[in-house]
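A.B. asks: Sequence first, predicted model second:
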Amino acid sequence: IDDIHLHSCLLKKSCLANLPRYVKKDGRLAPMLERIRTSGRKTFLLTNSDWWYSSQIMNFLLGDSWVSYFDLVVVDACKPRFFSTGTPMQRVDTSTATLLPLSSCPPGPVVYSGGDHTTVTTMLGAKGPDVIYVGDHLYADVIKCRKLCEWRTLLIVPELSHEL
């Protein structure tokens, strides 16, 4: 499992080679994110994927300026550990995918790697219960989040769409 996800990246490379087959593009995504932000709320992207993969998926979904749809972008989150001890937060040099100390200011958009829920909540200027976190993994995104922090959660289960 680690090899296909972390070392060879075979799964990610296969997905990126045929994005329309594996990633469903929805034209409602960008307007929804814009409505959330214009209403005075903040948006953030929190993913276990690294910058290299996340940026390509998000470019496909929202275009080259996808980072502008989010107030905060965190990759390499290491969920579910993110909801407890977390990992050291670093800056991502988006041109090289190199991880740098927080104090550095690489060119390009501000993207972070790692961290924990308390740090992200503070960066958003929110209180725990004010955060609604949307995930697609029952254990890593919802169960651990609900047990270990005050964020509210919403689970996406595409397999149940036929029930609607």
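C.D. replies: Great, that's in hand.

A.B. asks: which residues of the chain score low on pLDDT?
C.D. replies: In the predicted model of the chain, residues 1-8 satisfy pLDDT under 70.

A.B. asks: Nearest the middle, which residue of it would you pick?
C.D. replies: Note on the chain: the residue nearest the mean C-alpha position is residue 46, at 2.5 Å, using CA atoms, centre = their mean.

A.B. asks: Dihedrals phi and psi, that residue?
C.D. replies: phi -130, psi 120 (degrees, to the nearest 10).

A.B. asks: And residue 137, by the same measure?
C.D. replies: phi -120, psi 120.

A.B. asks: tally of neighbours for it?
C.D. replies: When neighbours are defined as other CB atoms under 10 Å, residue 137 has 14 of them. C-betas here are computed from N, CA, C, even on glycine.

A.B. asks: And residue 81, by the same measure?
C.D. replies: Neighbour count of residue 81, defined by other CB under 10 Å: 16.

A.B. asks: Could you do the one 3 residues further on as well?
C.D. replies: The local packing count at residue 84 equals 13, with neighbours defined by other CB under 10 Å.

A.B. asks: Might one say that it is in contact with residue 145?
C.D. replies: No: using CB atoms under 8 Å, residue 84 makes no contact with residue 145, being 10.1 Å away.

A.B. asks: Quick check on residue 27: phi, psi?
C.D. replies: As for residue 27, its main-chain torsions (degrees, to the nearest 10) stand at phi -60, psi -10.

A.B. asks: Hmm, the residue nearest to the centre of the chain is touching residue 76, no?
C.D. replies: No: in this structure, residue 46 is not within contact of residue 76 by CB under 8 Å, at 10.2 Å.
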